[in-house]
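# Got a sequence here, can you build the structure:
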Amino acid sequence: MSVAICGIEYQTHGDIEKDVTEIFDTQGFSFVGVPLSELSPDYTFQPLPFFDHDFDWSSKVIGIVPPNVNVDSSDPLVRAKSENLLKRCFKLSQYVGVNTVLMELSGERNQNLARLCLYQLQDSGGKPIWFRIKISDKTSWQNWNTFFTLFPENQNKIAAVLELSSCLPSLRELDRWIGDVVLALSLDTSLFVPNKEDYPVLRREFQAYIKRAYRHKIQVIVTGSDCHGKGMESYQSYLSYLYKNRGQESEYESFSQGYEELLQIPLQPLKDNLDNATYEIFEKDPIKYRQYEEAVYRALIDRNNPLPGEGPVKQVVMVVGAGRGPLVRASLNASKRCNIPVKVYAVEKNECALITLRHLITDPYFSDVTLIDSDMRDWNPPEKADILVSELLGSFSDNELSPECLDGAQRLLKDDGVSIPCEYTSYLAPIMSRRLYNNTNKQSPDSPSENSFHMGYVVRLQNVWVFDKIKACFTFKHPNHDNPIDNSRHISLEFSGPVDSAPLDGPVPMEALLHGFAGYFDAKLYKDVMISIHPDTHSPDMFSWFPMFFPLATPTLVKPGERIVVDFWRVVESTKIWYEWALTEPTPQAIHNNRGKTYWIGLFS
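All right, here's what the predicted structure looks like:
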């Protein structure tokens with residue numbers, strides 16, 4: 001979002017039409033929360049007289065249930081009156097067309113509330129319900145998690161609104177909520193303090209909270225009255241200022257707008273030829289090709305050993321899987337930089353990409369390029385290469401079959417030749433993300449256990465909590481001198497449940513829901529020239545790859561410090577490869593994608 005989405009709860013109860021118009025036109029808020037009934041100590045339904053006004057109810061207004069509604073009260077009379085009030089609020093929300101209802105969620109027992117909310121979701125066609133939760137309560141997440149599990153078929157229709165107080169939990173606690181389904185922070189005006197000009201501002205710890213929330217597309221709802229005498233627009237203005245100063249958006253973040261939590265099936269460039277649009281997206285990444293150019297540049301310099309009195313030795317560079325030519329260009333640029341001549345073979349099997357390459361080499365800059373229409377594994381070259389260059393890596397390093405391709409192509413390389421890349425490693429980390437789980441579940445609503453949870457997905461991770469250290473998984477090196485070559489792999493990785501070590505009074509135990517594992521990679525192109533999507537070493541502004549997501553069919557509650565063990569396999573057959581994964585601790589689950597029944601990568605077109 002390009003501007004802060006900031007809402008306000010309606011408080012004044014004066015000239016409602018004038019007030020709401022001012023909220024939007026003068027104060028600059030994006031939406032308004034209006035009570036579906038006035039607060040009444042005897043739970044009487046008392047709707048405000050504004051529901052006949054011509055507002056944009058579906059996008060500009062959320063309906064708020066009175067906070068004293070307690071349908072799980074131990075007092076039968078309170079429970080009955082609360083039920084009646086809640087049902088009437090729900091009916092009114094449907095009548096006026098309010099798209100979202102906001103209500104309080106507190107305490108450990110909310111089963112009756114869940115039952116009534118399920119009725120509302122069914123009756124309203126699945127219009128969302130938000131639940132305001134006091135984040136300062138130590139058991140708030142546990143209570144929310146228990147409540148959330150009562151909505152197995154509607155988990156994409158309910159969300160949390162976190163109510164901040166003067167006592168803020170740690171940012172790590174906020175990170176856990178970010179891995180949940182949080183759409184907004186509720187911020188009372190009493191939490192603001194005056195600056196030198198008496199305008200409302202927030203303390204530094206609150207600023208950090210708000211900025212982190214903004215980076216995860218979490219909006220803010222302002223509650224309370226004008227405590228500072230500068231008008232409600234002063235609060236909106238300050239929150240917009242924080243949004244603009246939340247941190248400069250990187251090229252990666254700009255490129256990935258709209259892809260957050262969008263599950264994508266990984267490419268299969270051996271089985272399927274890439275289209276022009278896909279090539280074009282990849283070629284927009286300047287960082288990747290800059291690193292490749294640097295790697296070829298250094299390799300050319302290292303291999304240049306002319307005889308005394310002679311000029312530089314011409315090097316043979318083979319670009320295997322040349323696509324539309326960006327690596328060919330990078331290799332020529334490297335040659336020009338170091339003034340070492342090259343002969344380049346551009347090997348490509350995609351007949352449509354070859355059309356672009358044929359046009360490309362008509363440019364005199366590409367006069368030293370020979371175009372080869374062949375699969376790299378089948379071509380018999382007239383000479384061997386000093387440097388073999390490829391960009392066959394996937395989001396999990398080897399998931400686009402770089403090992404199989406380069407092992408088949410290494411016969412093109414001289415005995416002392418260089419492969420770029422020469423080594424790459426995949427990584428895994430346990431994650432909590434209700435959004436990813438819900439999106440996976442939606443992929444195959446009729447039989448999710450048989451299909452969507454047995455896939456690996458490419459996804460831009462946004463609202464995700466990585467709650468333990470990232471660990472190395474599989475490593476491949478080129479040239480591969482193993483005899484025989486075996487690219488099958490198995491590893492058993494151990495992780496731990498989360499602990500919040502930030503508080504001054506010592507570590508605080510934290511539970512988490514394990515929804516699956518995030519996959520990353522890094523690659524050594526040549527010596528210390530790297531490309532990486534590992535969060536700790538991510539190549540700045542490189543956006544060619546999003547991480548992988550390997551889901552679990554059943555979310556698993558992990559206790560603080562509890563041992564997590566997952567087994568991962570890379571299985572190789574003559575025509576395809578696939579991954580299998582299984583959680584064995586703390587709660588064993590069935591092996592996912594057994595025998596590649598749902599997700600596999602083909603070795604041939």
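# from here on, contacts and neighbour counts on C-alpha atoms
Noted.
# Which stretches in the stretch 501-605 of the chain count as strands?
Secondary structure of the stretch 501-605 of the chain (DSSP state E, counting those that start in this stretch): strands at 508-509, 512-526, 529-532, 548-558, 563-572, 576-585, 601-602.
# Highest mean neighbour count out of those?
When neighbours are counted by mean count of other CA atoms under 10 Å, the highest per-stretch mean among the strands of the stretch 501-605 of the chain falls to strand 512-526, a mean of 25.
# Packing partners of that one?
Identification of packing neighbours for strand 512-526 by 3 or more CA pairs under 8 Å, 6 or more residues apart in numbering; DSSP states H and E yields helix 286-303, strand 413-420, strand 423-432, helix 434-443, strand 529-532, strand 548-558.
# What strands flank that strand, and is each parallel or antiparallel?
For strand 512-526, sheet partners with direction are given as strand 423-432 (antiparallel), strand 529-532 (antiparallel), strand 548-558 (antiparallel), following DSSP bridges.
# closest one to residue 340 among those strands?
Proximity to residue 340 (CA to CA) singles out strand 529-532 among those, at 19.5 Å.
# if we can go back for a sec, can you redo the strands of the stretch 501-605 of the chain as JSON lines with distance to residue 126?
Converted to JSON lines, those look like this (distance: least, CA to CA, whole Å):
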{"stretch": "strand 508-509", "distance to residue 126": "35"}
{"stretch": "strand 512-526", "distance to residue 126": "24"}
{"stretch": "strand 529-532", "distance to residue 126": "41"}
{"stretch": "strand 548-558", "distance to residue 126": "23"}
{"stretch": "strand 563-572", "distance to residue 126": "36"}
{"stretch": "strand 576-585", "distance to residue 126": "33"}
{"stretch": "strand 601-602", "distance to residue 126": "37"}
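# Could you export those strands to TSV, including columns for distance to residue 397 and mean pLDDT?
Formatted as TSV, those follow (distance: least, CA to CA, whole Å; pLDDT from 0 to 100):
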stretch	distance to residue 397	mean pLDDT
strand 508-509	34	66
strand 512-526	5	98
strand 529-532	10	98
strand 548-558	10	96
strand 563-572	12	98
strand 576-585	13	97
strand 601-602	13	93
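# right, and the ones you listed - which one's nearest residue 226?
Each of the strands of the stretch 501-605 of the chain was scored for nearness to residue 226 using CA to CA, and the closest is strand 508-509 (36.1 Å).
# hang on, the earlier thing: and the strands paired with strand 512-526 as JSON lines, adding distance to residue 291?
Conversion of the strands paired with strand 512-526 to JSON lines gives the following (distance: least, CA to CA, whole Å):
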{"stretch": "strand 423-432", "distance to residue 291": "15"}
{"stretch": "strand 529-532", "distance to residue 291": "7"}
{"stretch": "strand 548-558", "distance to residue 291": "22"}
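# what's the closest of those strands to residue 265?
Of all the strands paired with strand 512-526, it is strand 548-558 that lies closest to residue 265, at 9.9 Å by CA to CA.
# just checking, residue 100 touches residue 126?
No. With contact taken as CA atoms under 8 Å, residue 100 and residue 126 are classed as non-touching, separated by 9.8 Å.
# Out of the helices and strands packed on strand 512-526, which is the most enclosed?
Of the helices and strands packed on strand 512-526, the one with the most neighbours on average (mean count of other CA under 10 Å) is strand 423-432, at a mean of 24.
# contacting residues around that strand?
Where contact means CA atoms under 8 Å, 6 or more residues apart in numbering, the residues beyond strand 423-432 that reach it are 176, 179-180, 396-398, 464-478, 495, 512-525, 534.
# give me that answer again for 6 Å
Contacts to strand 423-432, defined as CA atoms under 6 Å, 6 or more residues apart in numbering, come from residues 179, 396-397, 464-466, 470-477, 513-524.
# now swap in stretch 355-373 and tell me
Under the contact criterion CA under 6 Å, 6+ apart, stretch 355-373 has outside partners 324, 343-349.
# start to end distance for that stretch?
Counting by CA to CA, to the nearest Å, the length from the leading to the trailing residue of stretch 355-373 is 10 Å.
# in it, what counts as buried?
Across stretch 355-373, burial judged by 16 or more other CA atoms under 10 Å covers 357, 360-361, 369, 371-372.
# Just send the residues you listed back as TSV, with pLDDT and secondary structure too.
As requested, the buried residues of stretch 355-373 are exported to TSV (pLDDT from 0 to 100; DSSP: H, G, I helix; E, B strand; the rest coil):
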residue	pLDDT	secondary structure
357	95	helix
360	94	helix
361	93	coil
369	96	strand
371	96	strand
372	96	strand
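# Make CSV out of those residues and add distance to residue 442.
Listed next are the buried residues of stretch 355-373 as CSV, based on distance: CA to CA, whole Å:
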residue, distance to residue 442
357, 41
360, 43
361, 46
369, 48
371, 45
372, 44
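# Max pairwise distance over these: which two?
360 and 372 (13.5 Å).
# tell me the contacts of the residue nearest to residue 559 when sequence neighbours are not counted?
Using CA to CA, 6 or more residues apart in numbering and skipping residues adjacent in sequence, the residue nearest residue 559 is residue 511, 4.8 Å away. Contacts here follow CA under 6 Å, 6+ apart; on that basis residue 511 touches 558-560.
# Just name the closest of the residues you listed to residue 572, please.
Checking those against residue 572 with CA to CA, the nearest one is residue 558 at 32.3 Å.
# the helices in the stretch 301-450 of the chain, which residues?
Remark: helices assigned in the stretch 301-450 of the chain by DSSP state H, counting those that start in this stretch are 326-338, 351-360, 402-409, 434-443.
# what's the closest of these to residue 211?
In terms of CA to CA, the element of the helices of the stretch 301-450 of the chain nearest to residue 211 is helix 434-443, at 20.6 Å.
# Tell me which helix or strand comes right after that closest one.
As assigned by DSSP states H and E, the chain's next helix or strand after helix 434-443 is strand 457-458.
# for that next one, packing partners?
Using 3 or more CA pairs under 6 Å, 6 or more residues apart in numbering; DSSP states H and E as the contact test, the elements touching strand 457-458 are strand 548-558.
# Can you give the contact residues for the strand it packs on?
With CA under 6 Å, 6+ apart as the test, strand 548-558 has contacts from 395, 453, 456-459, 497, 511-519.
# got it, and stretch 184-196?
161-164, 200-202, 218-224.
# ok, residue 8 - contacts?
Counted by CA under 6 Å, 6+ apart, residue 8 has contacts 32, 221-222.
# Name the nearest of the residues you listed relative to residue 542.
Closest to residue 542 out of those is residue 221 (34.3 Å), distances taken as CA to CA.
# just how off-centre is the one helix or strand the closest one maps to within its chain?
Secondary-structure element containing residue 221, defined by DSSP H and E: strand 219-223. From the chain centre to the centre of strand 219-223 is a distance of 24 Å (CA atoms, centre = their mean, to the nearest Å).
# Work out for me the element residue 472 sits within.
With DSSP H and E as the criterion, the answer for residue 472 is strand 471-477.
# Check residue 62 too.
Secondary-structure element containing residue 62, defined by DSSP H and E: strand 61-64.
# For that strand, name the packing helices and strands.
strand 31-35, strand 100-104.
# just how off-centre is the last one within its chain?
Mean C-alpha position of strand 100-104 versus that of the full chain (CA atoms, centre = their mean) differs by 27 Å.
# so what secondary structure elements neighbour it?
Other elements packing on strand 100-104 under the criterion 3+ CA pairs under 6 Å, 6+ apart are strand 61-64, strand 129-134.
# Quick check: can you name the pairing partners of that strand and their directions?
Under the criterion DSSP bridges, the sheet neighbours of strand 100-104 are strand 61-64 (parallel), strand 129-134 (parallel).
# Kindly present those as TSV, with separate columns for mean neighbour count.
Conversion of those to TSV gives the following (neighbours: other CA atoms under 10 Å):
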stretch	mean neighbour count
strand 61-64	26
strand 129-134	21
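# ranking those strands by mean pLDDT, which is last?
Across the strands paired with strand 100-104, the stretch with the lowest average pLDDT is strand 61-64; it has a mean of 91.
# Tell me the buried residues in the very next helix or strand once past it?
Downstream of strand 61-64, the next assigned helix or strand under DSSP H and E is helix 76-96. Buried residues in helix 76-96, defined by neighbour count with 16+ other CA under 10 Å: 78-94, 96.
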